[in-house]
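[1] mind looking at a prediction? Sequence and model below.
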Amino acid sequence: MEEQLGFEIPDSEVSYFVIHFGGYLEAAQQPSHRYQALVVCPNGVSSSLIVKENLRQLFPNIYFADTYSIQGWETVDEKQYDMVFGTVKVDTDLPFFLVSQVMTASHKKELFQLVNRYFPNAAYFPLEIEQLLALIGQHATIHQEQPLKYELVQFLNQRSLEQRRSPMLEELLTAETFQRSEQELEWQAAIALAAQPLLDSGAIQPHYIEAMIRKVEEFGPFIDLGKGIAIPHARPEDGVQELGMSLLVLDKPVHLLDDPKHPISLLICIAAIDNHTHLRALSHLTKILRDPENIGQLVGAQQFTDIQALLKEE
C-alpha cells in the first residue's frame, strides 16, 4: 500500500487496517446458519408461512430460504439446499419431511427427532440466544433453560414481525368478516360463502373464489388443518385486491371433496397480497389454533363478540 500511495503509513493506521481486515475475515468464516431448507405447498403463500412459523421454533439453526408452489418447484436448483419440508409430497433427491399446517405436540416431537437424525444440531439455537442466556445467568438463576430458549426465539421472531407493520389478526377478523351459517351446504358453496365478506369489501375478485375451489380439486384437501378447521386460499395473482381474512362457522359440517374423512365446521379464508404482509396475523392465528379450548370457542361462537377477546394479541 505504501508503494501505491507513495508515502509511509503510520503504525496507528496499520493497526486500523489490521483490525478491519481481521474482523472481515473472521466474519466470513462464520456462516449465519448451518443448514438451508425450502418449504413447498400447493399455493406457496399462507400454507407455507404457517409451516414456517412452526419450523422456525423447532429448528432455529435452519434457514428456511424460500417458499414454492408445486409449479414453481420445477425451477428450483436443489444443489443450494440441504432439505425440503412440504405439506404435500414432492419429487426430490434431497431429504424430504412431510408436515401438516398446524402441528400437534406429538407431531412436533416426531419431526424434531427425525430431522435431527439426518441433520445433527439442526435445533442449535442462534448465538444471540446463547449470549442472552449468559447475560441473564450473571444476574439470575435459570431453572428451565430449554423452555427459556424457545420463549426467547419466539419473542425475537415476534419483534421482527412487528417491525414490518403487518396488520394484527383483530384488524382482519372483525364483525364484518365473521359469519355463522345454519345452511346445509356443499363444500364448494361453503368456501364461496366464507369468502363473501372479502368479495363484498372488494378485497378479492370473484375468480379468487374459483381459484380456491380449483386448488382443492387439483391438490386434494390440503387446506384441512384437522379438528374441523380449513383455511381456503389461493395465490395473490388469482384475484386479490387487498389483504383480508374472513371466518365462517357452520352448524352443519361440510366434507372436502365429499370425503367423510375431512369434515369441516370452521373455514378461515385468507387473501394475501404477498408473502409477508399477513405474517403477523397468521402467526397469531397459528398460536390460537394450537389450543383445543380456543378451537372449541371458535366453533361454538354464535356471534363475533363470542371470539372478539380471543383474537386480541397479548
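    Ah, there it is. Every value quoted in this text rests on a predicted model; they were computed, and no experiment measured them.
[2] state the mean pLDDT of stretch 298-306.
    Model confidence over stretch 298-306 averages 96 on the pLDDT scale.
[3] if you could redo that for stretch 172-188, that was the one I meant.
    On average, stretch 172-188 scores 97.
[4] and that stretch, how far out from the chain middle?
    Offset of stretch 172-188 from its chain centre (Cα atoms, centre = their mean, to the nearest Å): 24 Å.
[5] that stretch: end-to-end distance?
    Between the start and the finish of stretch 172-188 there is a gap of 23 Å, counting by Cα to Cα, to the nearest Å.
[6] same for whichever strand or helix holds L285, what does it pack against?
    Secondary structure assigned from DSSP states H and E places L285 in helix 279-289. Where contact means 3 or more Cβ pairs under 8 Å, 6 or more residues apart in numbering; DSSP states H and E, helix 279-289 is packed against helix 46-58, helix 145-163, helix 169-172, helix 292-299. Using the backbone N, CA and C atoms, a C-beta is placed for each residue, glycine as well.
[7] ok, of those, where does mean pLDDT dip lowest?
    Set side by side, these differ in mean pLDDT, and helix 145-163 is lowest with a mean of 65.
[8] before we move on, the earlier item: now the helix holding L285, how far from the centre of its chain.
    Distance of helix 279-289 from its chain centroid, counting by Cα atoms, centre = their mean, is 8 Å.
[9] could you pull out the strands in the stretch 201-314 of the chain for me?
    224-226, 229-230, 244-255, 263-271 (DSSP state E, counting those that start in this stretch).
[10] typo on my end, it should be the stretch 1-150 of the chain
    Counting by DSSP E, counting those that start in this stretch, the strands of the stretch 1-150 of the chain are 35-40, 62-68, 83-86, 96-98.
[11] adding distance to I229, write those out as CSV.
    Listed next are these as CSV, based on distance: least, Cβ to Cβ, whole Å:
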stretch, distance to I229
strand 35-40, 20
strand 62-68, 21
strand 83-86, 20
strand 96-98, 19
